[in-house]
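Visitor: Below: sequence and its predicted model.
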Amino acid sequence: MPYEWTDTSLDDTTLKLWPHRSLPARGFVLFIAATSLMMLLPLLALLGTRHLWVILPFALIPVAGIWWAVRRNNRDAALTEVLTIGPESITLVRRAPEGTEQTWQANPYWTTIQLYPTGGPVPAYLTLKGEGREVELGAFLSEEERRRLADDLRQRLAQLR
């Protein structure tokens, strides 16, 4: 589950959400090594010939492209959402991969949790509504994870009230 609850003080609870990261750093190294080996294996027959130098760049360009694409995906997965629930306020801070932050704050007593089964940009679209604004939460989670998160949030807010 790509989210985690922590109790930061006696009254405050924090929820941290992040996108799935299916390829850790060690996996990335192994993947690039295996891909490079498979791309260069057919070139063993050309060792010692000048044809190797003609074909070698065309074998290395796809490896470089894969390297760039996987690194770009890892940078884009640096997105986090932190929801802090306290007796006086509920605050959502969304940190984008490029470093920008968006903040939403409301009174937890009046905050409602909406789960739209259809009609949203994703199935089981989860939002928080309060202070006249409605904000999205966990769009990068799977449909089932958003449903479980909505139930968790409802329970936490009910305990607070």
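Guide: The structure has been received and is ready for your questions. Residues are numbered from 1 along each chain as shown.

Visitor: Low-confidence bits of this structure, can you list those?
Guide: For the chain, the stretches flagged by pLDDT under 70 are 1, 9.

Visitor: repeat that for 80
Guide: 1-2, 7-11, 21-23, 76-78, 119-120, 160-161 (pLDDT under 80).

Visitor: Spatially nearest residue to the spatially most central residue of it (excluding sequence neighbours)?
Guide: Geometric centre of the chain, nearest residue: P19, 1.7 Å, by CA atoms, centre = their mean. Excluding its sequence neighbours, the residue lying closest to P19 (CB to CB, 6 or more residues apart in numbering) is F140, at 4.2 Å. C-beta coordinates here come from the backbone N, C-alpha and C atoms, glycine included.

Visitor: got a list of what the residue nearest to the centre of the chain touches?
Guide: By CB atoms under 8 Å, 6 or more residues apart in numbering, P19 lies in contact with 2, 77, 79, 140.

Visitor: now with 6 Å?
Guide: Applying CB atoms under 6 Å, 6 or more residues apart in numbering to P19 gives the contacts 77, 79, 140.

Visitor: per the record, what domains does the protein have?
Guide: Here the domain parsing of the chain from automatic domain parsing is 3-20+80-160, 25-76.

Visitor: first to last residue in the shortest one, what's the distance?
Guide: As for domain 25-76, its first-to-last residue distance stands at 15 Å under the measure CA to CA, to the nearest Å.

Visitor: Could you number the chain from 57 rather than 1 from now on?
Guide: Yep, numbering from 57; the last one is domain 81-132 now.

Visitor: how far is that domain from where the chain is centred?
Guide: Its chain's average C-alpha position is 27 Å from that of domain 81-132, according to CA atoms, centre = their mean, to the nearest Å.

Visitor: any chance of the contacts of P75 in TSV, with neighbour count and secondary structure too?
Guide: Shown next, in TSV, are these (neighbours: other CB atoms under 10 Å; DSSP: H, G, I helix; E, B strand; the rest coil):
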residue	neighbour count	secondary structure
A133	17	coil
L135	16	coil
F196	16	coil
